[in-house]
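A.B. asks: sequence? don't have it. structure:
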C-alpha cells in the first residue's frame, strides 16, 4: 500500500491552516482501491472518498481516481 499526505491548509469548517489531504493506494490481484481523505487536526473535520475496482458504481466513467475529488491534487 502506498500513502501520501500533504498539508494543504484552509479547513472549510474552522478556517485552520492545518487541513491535510491524504491518499492511499492498494492493489491485490484484480482489486485496486484509491482512497482520499481531508482531515483537520484543529477541529476534527473529516471527509473521505474511496474508489474500488470491484464496485462498478464507485468509479464514474472517465474519472481519474489518482486525483483528489476535494482539492484536485495528485499524489507525489
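C.D. replies: Okay, I see it. Fair warning: this is a prediction, and the values are worked out from it, not measured in the lab.

A.B. asks: Check which residues of stretch 67-76 are buried.
C.D. replies: For stretch 67-76, burial by neighbour count (16 or more other Cβ atoms under 10 Å) applies to 68, 70, 75. For the C-beta atoms, the positions are set from N, CA and C on the backbone; glycine is no exception.

A.B. asks: Keep only those of the residues you listed that are in strands.
C.D. replies: Within these, no residue falls in strands by DSSP state E.

A.B. asks: just checking, residue 34 touches residue 22?
C.D. replies: No: judged on Cβ atoms under 8 Å, residue 34 makes no contact with residue 22 at a distance of 11.6 Å.

A.B. asks: what about these two, which has more around it?
C.D. replies: residue 34 (23 against 16; other Cβ atoms under 10 Å).

A.B. asks: so what's the more buried one closest to, chain neighbours aside?
C.D. replies: Computed as Cβ to Cβ, 6 or more residues apart in numbering, the closest residue to residue 34 that is not its neighbour in sequence is residue 65, at 4.0 Å.
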